[in-house]
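In: For reference, the sequence and a predicted model appear below.
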Amino acid sequence: MNAIGCELETRNYTALEIAPQLYARIGAPAQQRHCPFCDSIVYSRRHKLCGVCLRELPEQMLFSPEQAGNVTSMLRDEQQRHRAWLQRYNFTN
């Protein structure tokens with residue numbers, strides 16, 4: 001029996017080299033937004049209030065009504081897909 005040899009060049013790839021568009025979506029945000037009152041990170045631009053100090057955030061920090069509607073629509077679609085997946089594999093009662 002003959003063995004076939006294969007030499008592979010080993011190289012460490014970074015996430016940015018493999019999928020730059022994926023890294024841009026899930027990587028560090030381009031600009032972190034902080035509450036102007038308590039300096040905590042604002043995690044959701046859909047909500048009008050800061051999650052820490054409960055003060056109203058400035059309009060420029062929030063999604064426009066159209067953007068907020070798009071996010072709500074995407075979340076609703078994802079919930080429906082998840083429910084369909086649960087039913088397909090009998091994870092519901």
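Out: Now that the structure is in, tell me what you want to look at. Numbering: from 1, shown residues only.
In: How many residues are close by residue 63?
Out: Neighbourhood size, residue 63 [other CB atoms under 10 Å]: 15. (C-beta placed from N, C-alpha, C; glycine too.)
In: how many neighbours does the residue nearest to it when sequence neighbours are not counted have?
Out: Leaving aside its chain neighbours, residue 63 sits nearest to residue 45 (4.7 Å; criterion: CB to CB, 6 or more residues apart in numbering). By other CB under 10 Å, 15 other residues sit near residue 45.
In: what's the answer for residue 44, then?
Out: Per other CB under 10 Å, the neighbour tally for residue 44 reads 13.
In: In three-state terms, label it for me.
Out: Recorded secondary structure, residue 44: coil (DSSP: H, G, I helix; E, B strand; the rest coil).
In: Can you list phi and psi of the residue nearest to residue 63 for me?
Out: Here is the backbone geometry of residue 45 (degrees, to the nearest 10): phi -90, psi 0.
In: List the contacts of it.
Out: 33, 61-63, 67-68 (CB atoms under 8 Å, 6 or more residues apart in numbering).
In: Contact partners for residue 41?
Out: Taking CB under 8 Å, 6+ apart as the test, what residue 41 contacts is 32-35.
In: now with 6 Å?
Out: Counting by CB atoms under 6 Å, 6 or more residues apart in numbering, residue 41 makes contact with 32, 34.
In: for this structure, longest helix please?
Out: Longest helix in the chain by number of residues, with DSSP state H as the criterion: helix 65-88.
In: So for that helix, what gets flagged as buried?
Out: Residues of helix 65-88 include none that count as buried (16 or more other CB atoms under 10 Å).
In: Output the contacting helices and strands for it.
Out: If contacts are counted by 3 or more CB pairs under 6 Å, 6 or more residues apart in numbering; DSSP states H and E, helix 65-88 sits against no helix or strand.
In: Sounds good, over and out.
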